[in-house]
Structures are given as C-alpha cells and as structure tokens.
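Enquirer: Got a predicted model here, sequence first, then my questions.
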Amino acid sequence: MPDTILPQGAGYGVVVGIGLFFSAFMIFLTAIQARYTAFSPKSSEEFTSASRSVKPGLIASGIVSAWTWAATLLQSSAVAYKFGISGPWWYGAGATVQILLFAMLAAKLKLNAPYAHTWLEIVGVRWGKTAHLVFMFFGLATNIIVSSMLILGGSATVTDLTGMNTIAACFLIPLGVAIYVVVGGMRSTLLCDYTHTTVLFAIILTFVFTVYSTSNKIGSPAKMHELLTAASAATPIPGNAHGSYITMRSKNGLIFGVINIIGNFATVFQDQAYWQRAIASRPASTVKAYLLGGLAWFAIPFTFATTLGLAAVALRGDPAMKVLTPADVSAGLPAAAAAAALLGKAGAAAILVLLFLAVTSATSAELIAVSSILTYDVYKTYINPNATEEQILKVGHAAVCVWCKPFSSSTEFSQVALYAVVCGLAGLIFFYIGVSMGWLYTFMGVILGSAVVPIALCITWSKANKWGCIGGSIAGFVAGIVAWLVTTSTLNNGVINVVTSGGDYEMLAGNLASIGVGAIVATLSSLIWPDKYDWESTRAINKPAQATSKRTEELKADSDSEKKEHEVVTKAGSIAGESFDAAEEADELDPVALNKAFKFATYSSVGLFIVLIILVPLPLFFSHYVYTTAGLTGWVAVGIAWTFCSAITVVIYPLYESRHAILLITKGIFKDLFARGSGKYVADPGPTSAA
Ligand SMILES: NC(N)=O
C-alpha cells in the first residue's frame, strides 16, 4: 500500500496546474475588462483599489475568499477533533465577529479618509513618521504571519495527501498567485475570488451531504451522534461535560475561543487586505458588504468542521482512517484524513482542490495588500513622494512579486520567482523549526494583539492620543511576549520550547496580556490627555480636485443644460473613472449618510457579537448540556441552512447586482463576433452604473 492516498503527480498537478489555469483565467478577465468596460487595468487606482466602485455582493465574496485561510478549513476541523462540537462554534463565531465589527471601521474610513489607499496612510497623516513606522511593523508582521500560515497549512496537506516535497510545495504554491495578481490587480483578484468562493461552497456542500446523508459509514446526524457517543466513552475529553464530544461545555474549547477572538482581531484590523476591500467598495454599501461577508463566512468553518472534523473522530478505528498523532492534529490534518476515509481518492482530491483554492485566494489578498503598503507607504512616502502614475503602477507590480525588492530591474519572471522565494522561505523556516500552522494560529495574537485597539482608536476617535496609542502597542507587545514566556516556564518546570510554549494556558496568557495592555494604555491615555483631531488632513489624502456632490451641483445649476455641463466637469475629476462618476461618488460620501451607516454598523455588529459570543454559546457552556440526537440534528441543520444562505449571498447575489455589467460585456462580445472591432467599450458622456 502506498504511503499516500494520491500520487505525487496529483500534488504537482493541482499546485502547478490550477495555479497556471487561474493565471490564464485572470489574463482573460483582464483583457475582457480592458476591452468591454470603462475600467482600465493600466490605472494605478484600478490596480490597487478597483476604482473604489465595487458593489457589495462582490466585496462580500472577496471578504469571504480573503478570510478563508488554510486554517479556516484545517484548524477548525482540528479543534472539532480535539474539543468536539464547541471547536467549530468557537472557530466560526470567534473569527466572524471581527469582520462584522470591521464594518464600523469601514464606515469611518469612508467618512474620515475616503480617498486613502492604505490604513497606514491615515496613521501617517494623523500622527506622523514614528507612528507610521511603528504601525507598519505591525501591518507587515500580520501579512507575513498570515502568509506563512497559508503556506504551512497548504504544504502540510499537499505533502500528507500526495507525498509532494514540502519544499517544492512551499515555493510553488505562491507562484501562480503572484502571476495572476500582477496581471490583474484588485478587480480581477475580486473576480477570481468569486470563482474560488463558488467552487469552495460546492465542495463543502458535497462533503456535508456525503457525511450527513449518503455515506454508508456515517450518513445521518443520528449515526454521527451514535459514533461520537462511542468515541466519548472510549476516550473522554478532559474538561468537557461527561468527557463528551457533543457538548458546548468544553473548558479547552472555551480557552481556544478566547485566543481565537484575540488573534483574529489582530489579523483583521491590521491587515491591509480588509482595508483594501473597504477602499475598493462603493461608499454607500461598504457596511452592507462587511456585514454580509462576515455572516456568510461563518458557515465555512462552522459547517465544514462540524462535518469533517467530527467525522474524523467518528471514523476512528475505521480501516480507511489514518491514525492521527498530536503533530498531525496540530498540522491540521484531521479534515483531510476524514475526507480520504469517506470518499477515498475522490475525497482526497476534493480536499486538495478545496485547500488549494482557499490558500491561493487568501494569498492573493495578502499579496495585493503588501503591494499597496510597499507602493504607497514605503515608495511614495519615503522614496519618491512625487511619483508619477506610471511609476506607482510599476512599483505596485514589482512589489507583488518581491515584497522586499520593489525596484528590481530584472524581468517580471525573475521577480515572480523571487517573490516565491520570500514567501516560501517564511513557510519553510517555520516548518523546519517545528512550528505548525496550529501553533502559529494561536500565537498570532501574542505579537499582533497589542496594536488592535490603538489602530481602531486612530481611525475612529478624534480624542485618541498619539503617544498613548504608540506606547500601548509597544508595551502590549512586550507584555504579551513576557506573559507567554513566563507562563510557559512556570507551567513546564522551566522548559521553554516549541511544544511547551504552544499549550492552551501559555498562549492564552500571551494573547490576553498583549491585547489587554495595548487597549488599557491607549484608552486611558486618550481619556486623560485627549487629542482634538478634526480629520481635515486625513480627508484630504489623495482627494481629487473636483469631487463635488451632484446635489450641490444641482443647487448651483440654473438650467438643465448648465447642470449637464457640471456633471461632465465633475466626472472628469473622478478618481473612480467613467462608470462611477464623481458626482455619484461625492453623493455617497455625504457625511450624514455615512454617520448613519456607522451607527447601523455599530448596532448590528455589536448585536451580532453579543448573540454569537455570549447568548448562544455561554448558556450552553454553563448548562453542561450534552446534545441528544435531536439536538445534534438541529445543530447540523442550522449549519446546512446557514451554508445555503451564505452561498446565495456570495455566489448568486453578486451575479444579480452585476447583471447590467454582464449584459454590457456580453453585448460587446457579440458585436465583436459579428463585426470585428465594433464591440470595444466607448465612454458614454452621461453617468452609467458600475460593475
Ligand atoms: N480567517 C480565519 N481566521 O480563519
């Protein structure tokens, strides 16, 4: 019997083949965009922010795609395997609430810095160079840690299923992504994200229906209940009510929940990828996009892990089920093992494709995020403040390829290869020192958590104190590391290594100290020495010369013909290009409407936070309830229904809202087919709708 369920060729085929397929797809999309729409991929605004014109469904799909990491599928299943049903809940809820709460930051971004390219530009303009550099450290550290987790999770699974060389996997995974991001920029990345998300939901639903409906090994929630009950009796989980897998009363599940909430605050609030989607979004619908994206994403880890993570427990002892070591669990392998045990080679292949799509789309989000930071916060801020549009675009492309070498004079191919080296090296270093994806996942809040509250205050609160926020971030960082190491040493007789430092309490202490000290110092100093910031300078960042509201123009215009003239003038000043004109944009940036949107974001996200983190899980935790068959059936049914709603939101809804753009492109293609050259988009002098 071979050591792996799939041949090595399958690993290379998926990693290289699908990577190149999506690169070709991206080139095709970009060509279509350039020919049949008003948006030119040659503009730097279009490359980094899709001309700030994207509608909420596609943004929501992009959020889901960027937020679906290897860990979303693998670590969620690993915690289901370790803690039972509480693991998927804490993973899903504990990483959804940040996206929901980010809707508030997105509303403030549109209100206080509507034309910024990066969140660091806002920090720099408000607080100057020191703050800019300190927070850039946290921003880039976030991108590096997230990218490393993606590479680690992806390569571990590909190696486990196919035997593909881990070093090759680490380097080849980012290669295809780098090519397609360079070719397309933000809009094509969002369209590629959409395709990935569609396939992702199809594969997840296939696994769900296999486990809970068709499989002869499980096949129903009732059988799953029976198998989990038997597993609980055979190997009770310490800290769970009655040692059961089918209870929310799990002490370690709850600890993981707290760590998860903290770490994910850091990786949303200080990752340019999420700011970038807010920047790319139309102002009027940014909040809606984040609320939809967050709610849609919840179903992915929750339902997937409630399916394959629990299946990995239920199938223990099955001849087709691999025996998992603690290292395998930490590497996130229970889901792949269960998929292979249930569906053989087909299951393994499906999980390989699923994982690869998740890893590539999240990596593409990280790439374009880093590219924007290097372009606008390093190159334009410190190297060439008078950079031309052409220079900015060139650096943006180069930065995608090589994080640390944006001015390479080598060919694009060698830049791509160098980028693969940088990203792959980060993954490899962690791999060789024995740091798994699971370890890194619980560690991320220790070093990133301290900047969460200071960054949120900088963007949303006029009273936020500059030195309090900078000091809080640094003090929290130090406190997090110290608390983590001291707890490790205390609990492990002075032994500090990768294994001892990865324990639940060790990571919990580091996470709590980091976010707590950062929050307390930043908030208290701002209350004692409040700033009085008026946001004028951040509102002026990159502001186009003639961004005047259509309403204002209408008031000024004396006649219909004069009004038309005004529209044409404002249109010329639009940063968003011809399909989302300046007057429309200025109307959507109306402060009254944006303040309303902020209030709506606050009420809904805080309300959903209370439901997801307090009202649902805590009563179940304190009641010590162990699910009956009917209880588990209901729990699974909620997951399946939620998954369908999510698929409708991020797969069907974007198609519906883009129907005019799809029609426009289809007409253009048909015109070209019947009269060669006649289908190319020609600018319409009047306002039109955005894709
Ligand atoms: N994106 C996460 N935390 O899965």
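Expert: Thanks, I have it.
Enquirer: from here on, contacts and neighbour counts on C-alpha atoms
Expert: OK.
Enquirer: State which one residue of the stretch 251-400 of the chain is found closest to the ligand.
Expert: Residue nearest to the ligand within the stretch 251-400 of the chain (CA to the nearest ligand atom): residue 264, separated by 5.7 Å.
Enquirer: Just the helices from the stretch 1-150 of the chain, written as ranges.
Expert: For the stretch 1-150 of the chain, helices defined by DSSP state H, counting those that start in this stretch occupy the ranges 8-12, 19-36, 44-49, 56-67, 70-83, 86-112, 119-127, 129-162.
Enquirer: Mind giving me the packing neighbours of the second one?
Expert: Going back to what we said before, that points to helix 19-36. Using 3 or more CA pairs under 8 Å, 6 or more residues apart in numbering; DSSP states H and E, the elements in contact with helix 19-36 are helix 166-209, helix 659-674.
Enquirer: Centre of the chain to stretch 607-617, how far?
Expert: The chain centre lies 21 Å from the centre of stretch 607-617; the measure is CA atoms, centre = their mean, to the nearest Å.
Enquirer: Just the closest residue of the stretch 101-250 of the chain to the ligand, please.
Expert: With CA to the nearest ligand atom, the shortest gap between the stretch 101-250 of the chain and the ligand falls at residue 146, namely 8.9 Å.
Enquirer: Make a markdown table out of the helices and strands packed on helix 19-36 and add distance to residue 54.
Expert: Formatted as a markdown table, the helices and strands packed on helix 19-36 follow (distance: least, CA to CA, whole Å):
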| stretch | distance to residue 54 |
| --- | --- |
| helix 166-209 | 8 |
| helix 659-674 | 12 |
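Enquirer: looking at those helices, which is buried most?
Expert: helix 166-209 (a mean of 23; mean count of other CA atoms under 10 Å).
Enquirer: Name the next helix or strand downstream of that one, please.
Expert: helix 221-234 (DSSP states H and E).
Enquirer: and that next one, which residues are buried?
Expert: The neighbour-count check on helix 221-234 (16 or more other CA atoms under 10 Å) flags 221-232 as buried.
Enquirer: again with stretch 8-18
Expert: Quick answer for stretch 8-18 (16+ other CA under 10 Å): 8, 10-12, 14-16, 18.
Enquirer: Mind putting the helices and strands packed on helix 19-36 into a markdown table with distance to the ligand and mean pLDDT?
Expert: Formatted as a markdown table, the helices and strands packed on helix 19-36 follow (distance: least, CA to the nearest ligand atom, whole Å; pLDDT from 0 to 100):
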| stretch | distance to the ligand | mean pLDDT |
| --- | --- | --- |
| helix 166-209 | 14 | 83 |
| helix 659-674 | 30 | 85 |
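Enquirer: So which of those helices is nearest residue 501?
Expert: Nearest of these to residue 501, taken as CA to CA: helix 166-209 at 24.5 Å.
Enquirer: now that closest one against helix 70-83, angle please.
Expert: 70 degrees (axes from the mean of the first three to the mean of the last three CA atoms, to 10 degrees).
Enquirer: Next up, the contacts around the residue of the stretch 401-550 of the chain at minimum distance from the ligand.
Expert: The ligand sits closest to residue 441 of the stretch 401-550 of the chain, with a gap of 8.1 Å, by CA to the nearest ligand atom. Residue 441 sits next to 71, 149, 263 when contact means CA atoms under 8 Å, 6 or more residues apart in numbering.
Enquirer: ok, for residue 170, nearest residue in space, not its chain neighbours?
Expert: Sequence neighbours aside, residue 424 is the residue nearest to residue 170 in space, at 4.6 Å (criterion: CA to CA, 6 or more residues apart in numbering).
Enquirer: tell me the contacts of that neighbour?
Expert: Here residue 424 is in contact with 148, 151, 167, 170-172, 174 (CA under 8 Å, 6+ apart).
Enquirer: do you know how far the closest residue to the ligand within the chain is from residue 355?
Expert: When distances are taken as CA to the nearest ligand atom, the chain reaches nearest to the ligand at residue 72, 3.7 Å away. Distance, residue 72 to residue 355, using CA to CA, to the nearest Å: 10 Å.
Enquirer: any idea of the pLDDT on the closest residue to residue 194 other than its chain neighbours?
Expert: Spatial nearest neighbour of residue 194, chain neighbours left out: residue 61 (5.7 Å); criterion: CA to CA, 6+ apart. On the pLDDT scale, residue 61 is placed at 92.
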